[in-house]
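Engineer: Let's see this in three dimensions:
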Amino acid sequence: MIRTMIALSTAFLACALLASASGPQDGGAKWEPYKFKGNERYEYRFVTAPEGDNPKREVSYAIDIRSKSEEEFEVGWTLKAPVRKAEVGEKVLFGMWTEAAPALILMNPMYGAFISQVDLKEGEKMSLFGAGVVKVGAAETVGGRSGLTCRFFIPNEKKEDVLSFECTIDRDLALPIKSINYEEGKEKSRAELVSYKKD
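Structural biologist: Next comes the predicted model:
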């Protein structure tokens, strides 16, 4: 895991330098993550795979962004999770999902930086300077929105490309409409858009 993070950090730095050296992007087929418009609400369903004594978990997560003025926004977050009676105690005060931050399940900001450098068209591919490769696949519809699927493959110790992260991007939205995190090729967590509303 540490080796993977170091490789990704190196690739991220290289991508950032390449982007700054190449000047302004054409923007035609690129995605700008986290570019919120305001007066919009994203609702997601998050699922984590069972691990050890921890059962499969499913929660709902929403982020609501309201424009208060040209320079000010008000942001609200909602996290709803089923909780067994025995778990209702101090953990409720601090949040039941502190061990797996919803934002990182949806998308690690480092991945967003990589995706923003890729032309979002089916069949497109970008090498991450030896740290892996991003491949753009076919379109799919999630939560009533359509987008292209981006898959991140990172080499393992045998130099084989292993699927590490997958997300589906609708270029009109600031967040992915679907994200899947993998560990050693197996699905670890999933986030899927349930609905998107813009006032």
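Engineer: and the closest residue in space to Thr78 that isn't next to it in sequence, how far is that from Cys167?
Structural biologist: Closest residue to Thr78 apart from its sequence neighbours, by C-beta to C-beta, 6 or more residues apart in numbering: Ala62 at 4.3 Å. For the C-beta atoms, the positions are set from N, CA and C on the backbone; glycine is no exception. From Ala62 across to Cys167, the span is 18 Å (C-beta to C-beta, to the nearest Å).
Engineer: Tell me which of the two has more neighbours.
Structural biologist: Neighbour totals were compared for Ala62 and Cys167, and Cys167 leads with 24 against 16 (other C-beta atoms under 10 Å).
Engineer: Got phi/psi on that one?
Structural biologist: phi -150, psi 150 (degrees, to the nearest 10).
Engineer: cool, Ala86 as well?
Structural biologist: Ala86 adopts backbone torsions of phi -70, psi -20, taken as degrees, to the nearest 10.
Engineer: Output stretch 165-174 as CSV, restricted to C-alpha atoms.
Structural biologist: Extracted C-alpha coordinates of stretch 165-174, given in CSV (Å, rounded to 0.1, in the frame of the first residue of the first chain):
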residue,chain,number,x,y,z
PHE,A,165,-9.9,2.3,-8.7
GLU,A,166,-12.9,2.9,-11.1
CYS,A,167,-15.2,5.8,-11.4
THR,A,168,-17.8,7.0,-13.9
ILE,A,169,-17.6,10.7,-14.9
ASP,A,170,-20.4,13.0,-16.1
ARG,A,171,-18.5,16.0,-17.2
ASP,A,172,-21.3,18.3,-16.2
LEU,A,173,-21.0,17.3,-12.5
ALA,A,174,-18.4,18.1,-9.9
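Engineer: What number of residues are in the vicinity of Gly52?
Structural biologist: Other residues near Gly52 come to 5 when the count uses other C-beta under 10 Å.
Engineer: whoops, I mixed them up, Val118
Structural biologist: Neighbourhood size, Val118 [other C-beta under 10 Å]: 20.
Engineer: Tell me if I'm right that it and Ser127 touch.
Structural biologist: No. Val118 is beyond contact range of Ser127, at 10.7 Å (criterion: C-beta atoms under 8 Å).
Engineer: Helices of the chain, start to end?
Structural biologist: 2-22, 90-94, 102-106, 109-115 (DSSP state H).
Engineer: If I average pLDDT within each of these, which one is lowest?
Structural biologist: Lowest mean pLDDT of the helices of the chain: helix 2-22, a mean of 37.
Engineer: which residues touch the residue nearest to Thr78?
Structural biologist: Going by C-beta atoms under 8 Å, 6 or more residues apart in numbering, Ala62 touches 41-44, 77-78.
Engineer: a markdown table please, covering those residues and showing neighbour count and distance to Ser146.
Structural biologist: Converted to a markdown table, those look like this (neighbours: other C-beta atoms under 10 Å; distance: C-beta to C-beta, whole Å):
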| residue | neighbour count | distance to Ser146 |
| --- | --- | --- |
| Arg41 | 16 | 19 |
| Tyr42 | 22 | 16 |
| Glu43 | 16 | 17 |
| Tyr44 | 26 | 17 |
| Trp77 | 10 | 26 |
| Thr78 | 11 | 25 |
